[in-house]
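>>> Pasting the sequence and the predicted model now:
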Amino acid sequence: MPRKTVITAYNIRSYQIDGLDWDLNPTNHFFKIKKDGKERELSMKDYLKEQYNTNLREPKQPLLYVNFRDTRIYLPTEMCREASLPENFTSDSRKMRDLQEHKISHPEQRFKRIIDVINKLMLAEEFKQFEVEMKANEHQVVGKVLYPP
């Protein structure tokens, strides 16, 4: 069976899952962290609260794990989202057609979509509130092309 790829909601990283550990959960899995030169031990539940301001709804959930080099990384199942498409997705022609418009390969179309996103962001109240300014045409560069003599 192929390994599932997940994306964590708290740090938006992707991992390929190797298994599920039913004996560990966010309250009984501890690890050491260094902060301000001091080393201390924290449970995964406390770490997520402190580092990402995230409260787990199910603190007794089993942990997913990833084997990375000589270390095993544990992830709370509640905070992981599957990153791949469902198996039957590619057999549905309607879904595939809808997906095609997002798989833009032509550079001009891709650039137009980027400009559209920038323009939408510039209209957002948050940008106005903090006086953030973005220019959609910053990609334009004026220069002189020198040819070898």
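Everything's here; your move. Numbers count the residues shown, from 1 in each chain.

>>> Going by C-alpha atoms from here, please, whenever you check contacts or count neighbours.
Will do.

>>> Where do the domain boundaries of this structure fall?
Domain assignment of the chain by automatic domain parsing yields the ranges 5-82, 90-129.

>>> The longest helix along the chain - what's its average pLDDT?
Determined from DSSP state H, the single longest helix within the chain is helix 107-123. The average pLDDT for helix 107-123 rounds to 78.

>>> So what's the gap between it and the chain middle?
Here helix 107-123 is found 21 Å from its chain centre; the criterion is CA atoms, centre = their mean, to the nearest Å.

>>> what about Asp70, distance to Arg57?
Here the criterion is CA to CA, to the nearest Å. By it, Asp70 lies 31 Å from Arg57.

>>> circling back to that earlier point, which one of the domains of the chain is the most hemmed in?
Compared across the domains of the chain, domain 5-82 shows the largest average neighbour count, a mean of 15 (mean count of other CA atoms under 10 Å).

>>> For it, measure first residue to last.
End to end - CA to CA - domain 5-82 spans 6 Å.

>>> chain center to it: distance?
Put simply, domain 5-82 sits 15 Å off its chain's centre (CA atoms, centre = their mean).

>>> List the neighbouring strands of the host helix or strand of Arg72 plus their orientation.
Per DSSP states H and E, Arg72 falls inside strand 71-76. Sheet pairing of strand 71-76 (DSSP bridges) gives strand 63-68 (antiparallel).

>>> Just the CA trace of the longest helix of the chain, in PDB.
Coordinates of each C-alpha in helix 107-123 appear next as PDB, following Å, rounded to 0.1, in the frame of the first residue of the first chain:
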ATOM      1  CA  PRO A 107       3.100  31.500 -18.700                       C
ATOM      2  CA  GLU A 108       0.900  34.400 -19.700                       C
ATOM      3  CA  GLN A 109      -2.200  32.800 -18.100                       C
ATOM      4  CA  ARG A 110      -0.300  32.000 -15.000                       C
ATOM      5  CA  PHE A 111       1.000  35.500 -14.700                       C
ATOM      6  CA  LYS A 112      -2.500  36.900 -15.200                       C
ATOM      7  CA  ARG A 113      -3.800  34.800 -12.300                       C
ATOM      8  CA  ILE A 114      -1.000  36.100 -10.100                       C
ATOM      9  CA  ILE A 115      -1.800  39.700 -11.000                       C
ATOM     10  CA  ASP A 116      -5.500  39.000 -10.200                       C
ATOM     11  CA  VAL A 117      -4.600  37.700  -6.800                       C
ATOM     12  CA  ILE A 118      -2.400  40.700  -6.100                       C
ATOM     13  CA  ASN A 119      -5.200  43.100  -7.200                       C
ATOM     14  CA  LYS A 120      -7.700  41.300  -4.800                       C
ATOM     15  CA  LEU A 121      -5.200  41.500  -2.000                       C
ATOM     16  CA  MET A 122      -4.800  45.300  -2.600                       C
ATOM     17  CA  LEU A 123      -8.500  45.700  -2.100                       C
END
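
>>> Brilliant, that's me finished.
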